[in-house]
Structures are given as structure tokens and as C-alpha cells.
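A.B. asks: I would like to see how this sequence folds:
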Amino acid sequence: MAARPYWSGHIQISLVSFAVKLFVATESKSEIRFHQISRSTGERVKYQKVSASEANESTPASTVEKSDIVKGYEFRKGEYIQIEPEEIANLRIPSRNTIALEQFIALEELDPAYFEKPYFVAPENTAQTEAFATIREALRGMKKAGIGKIAFGGREHLVAIAAPADKELKGLMAYTMRYQEELRDAKEYFNEIKDVTVEKDQLDLAQELIKRKAQKFDPSKWHDEYEAALRAMVQAKIDHQPLPVEEEHRPMAKVINLMDALRASVHGNKQEAAPAATGRKKPAAKATASDAKRGMEIVKETKAVAKKGAKKKSA
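C.D. replies: Here you go, the predicted structure:
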């Protein structure tokens with residue numbers, strides 16, 4: 001059975017308009033579900049919706065049926081106006097049915113901080129494909145994204161429409177975005193960071209370290225290890241087995257010399273990094289106040305890793 005679209009409507013650019021349907025591009029893969037249970041009885045705890053006035057009384061409150069619950073806006077303390085679902089559904093908002101792309105920007109201008117959720121966009125039917133494909137290829141060739149608004153889920157969202165990076169994909173991508181007023185001011189959190197002088201040789205080594213670990217992003221290599229550990233713990237309890245114990249975390253130590261740590265990271269010289277990790281001072285690299293203030297840390301080697309490195313050198 002074909003997936004049902006989350007939203008159907010039109011994309012409009014000036015006088016050009018074509019029908020599309022949006023599908024949610026994400027899904028939860030978690031297989032572990034928890035219920036709330038009573039610690040003493042082991043039975044599930046259930047919640048009932050009751051009237052606030054009855055909930056404060058000593059006698060058991062009667063349950064309010066779902067069909068009898070409507071939205072209410074408190075316009076005065078303790079006084080509400082009722083809002084029926086159909087009244088909200090009939091709000092006169094153009095973006096309920098049409099995404100009007102009013103601006104186009106370069107893809108690199110889109111700050112990731114604004115992104116909320118991705119959606120797949122497909123033409124409503126075969127008759128819409130020509131216009132759909134024309135706009136898709138224009139966006140892809142110019143590396144642009146169209147910005148507009150879309151209304152669903154009880155609010156109006158800012159939305160960006162762009163062609164997928166993979167040229168073999170024939171659809172479009174839509175990304176709901178946050179409004180600027182929804183983002184906290186970054187300056188409030190970053191203003192206290194002190195200005196420091198970054199030395200060129202250290203910067204060169206840091207860039208080389210990043211360069212050596214740079215590679216094409218492969219999403220299939222990343223998995224939820226927390227979910228796997230949680231499943232293992234649950235299975236152990238079911239089987240009445242000892243609970244899995246967290247692996248010993250490699251301790252971190254203050255780096256005595258930042259240059260040594262960077263050089264060791266780039267060149268793989270563990271012998272050079274070891275003194276910094278264990279805290280033993282090297283004659284040529286004494287700890288200074290500036291080194292301590294850098295706050296850099298290095299992972300200590302385990303004995304197994306150290307032995308492995310020694311074997312390789314002896315070979």
C-alpha cells in the first residue's frame with residue numbers, strides 16, 4: 001500500500017503552480033518501549049482525564065470522554081472561550097494549501113541551526129511532473145533553495161524547498177525551519193569566551209589532523225549504540241543474567257604541551273604523547289601557565305595499546 005502524504009497542496013512561483021504531496025522523511029527506529037508501572041505491584045499506571053474541579057474533591061472524579069474535550073483559551077483568570085476543531089480547520093491561511101516560494105537563496109546560506117525536519121516532495125500526479133521536474137533541475141543547477149511558508153500541525157512553518165544532493169533522486173526536499181525569534185541569541189552564550197592568539201604552527205598541525213580524518217560522510221556507518229546497550233540490558237534482566245557493565249572509560253589528562261599532543265596525533269607518535277598523558281615532564285617541554293589554560297586534553301593509552309605499539313616498533 002502506498003504511503004499516505006502528510007500534506008497535499010501546491011508549490012507556487014509567481015504565475016507557475018503545480019500540485020505536490022509531502023511525505024515525512026524520518027521515522028523512529030527504536031524498538032524499546034517502556035510503560036510506567038507501580039514499583040510495589042508491578043502493574044501499569046494509567047492516567048485519566050478528569051474535570052479540574054472534581055479532581056480536587058475527595059470523591060472519585062468521573063472521566064471526561066475524548067469527544068467532549070475541546071481547546072480552550074484563557075482570556076481571563078479561570079475563564080475560557082471554547083475553540084472547536086472545525087473552527088481551526090477553517091482558518092483563512094493561504095499556506096494551508098499553497099507553498100508560495102517568495103525568495104531564493106544559495107544553499108550555503110542556509111544555517112543548519114534553522115532546520116527542524118525534512119520531508120520528501122513528489123508531484124501529485126503525472127500531469128504535474130513536467131513543471132515539477134523543470135523547477136527541480138533549475139534549483140539543482142543553480143544550487144538554490146526556495147523559501148516560503150506552509151501551515152500544518154497547528155502552526156505556520158517557514159519552509160525551504162531544494163533539490164536532493166543525489167542527482168539520481170527525482171523528487172524535491174522540503175525542510176521546515178525555525179523562525180529567527182525562536183533561536184536564542186548566540187552572543188549571550190559565546191561573549192564570555194576569551195580571545196586568544198592561535199599560533200600558526202599549531203594551527204597548521206590542527207588543520208593537518210582534520211585533513212587526515214576528512215572523508216565522505218557515509219550515514220550507514222553510524223548507529224544508535226545507546227539503543228543497542230539498552231536492548232542488551234533489557235534482555236539480561238529477562239534472562240536473569242548479570243547486567244552488562246560499562247567498559248572502563250579511558251581517563252583524560254591535561255596535556256603538558258599542546259604542540260606535542262598535536263604532533264603525536266598527526267604523526268601517530270605514541271611515545272611522544274605518553275609523557276603528556278601520564279604527567280611526566282619532558283626536558284624539552286616544560287609545563288607553562290599558557291599550556292594549562294588551553295584546557296586541551298589527551299586520551300591516556302591503555303597498557304594493551306602501548307604493548308601493541310611497542311611490538312610494531314620492534315618488528
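A.B. asks: distance of residue 120 relative to residue 3?
C.D. replies: 9 Å (Cβ to Cβ, to the nearest Å). (C-beta placed from N, C-alpha, C; glycine too.)
A.B. asks: shared neighbours of those two, anything?
C.D. replies: residue 23 (Cβ atoms under 8 Å, 6 or more residues apart in numbering).
A.B. asks: span of stretch 69-88 from start to end?
C.D. replies: Terminal residues of stretch 69-88 lie 15 Å apart, using Cα to Cα, to the nearest Å.
A.B. asks: kindly provide the whole-number mean pLDDT of it.
C.D. replies: Here stretch 69-88 scores 87 as its mean pLDDT.
A.B. asks: helix, strand, or coil at residue 137?
C.D. replies: Three-state assignment for residue 137 (DSSP: H, G, I helix; E, B strand; the rest coil): helix.
A.B. asks: residue contacts, it?
C.D. replies: Here residue 137 is in contact with residue 163 (Cβ under 8 Å, 6+ apart).
A.B. asks: rerun at 10 Å
C.D. replies: 163, 167 (Cβ atoms under 10 Å, 6 or more residues apart in numbering).
A.B. asks: wait, residue 145 touches residue 160, no?
C.D. replies: Yes - between residue 145 and residue 160 a contact is recorded at 4.6 Å, counting by Cβ atoms under 10 Å.
A.B. asks: which neighbours do the two share?
C.D. replies: With Cβ under 10 Å, 6+ apart as the test, residue 145 and residue 160 both reach 101, 103, 104, 105, 107, 110, 173, 174, 175.
A.B. asks: give me the mean pLDDT for stretch 160-168.
C.D. replies: 94.
A.B. asks: how far away is residue 173 from residue 166?
C.D. replies: Taken as Cβ to Cβ, the span from residue 173 to residue 166 is 10 Å.
A.B. asks: for residue 160, same thing?
C.D. replies: Distance from residue 160 to residue 166, counting by Cβ to Cβ: 17 Å.
A.B. asks: show me which of these two is the more surrounded one.
C.D. replies: Between residue 160 and residue 166, residue 160 has the larger neighbour count (other Cβ atoms under 10 Å), namely 22 against 7.
A.B. asks: any idea what the more buried one is bridged to?
C.D. replies: Residue 160 has these beta-bridge partners by DSSP bridges: residue 147, residue 175.
A.B. asks: with that, I have no additional questions.
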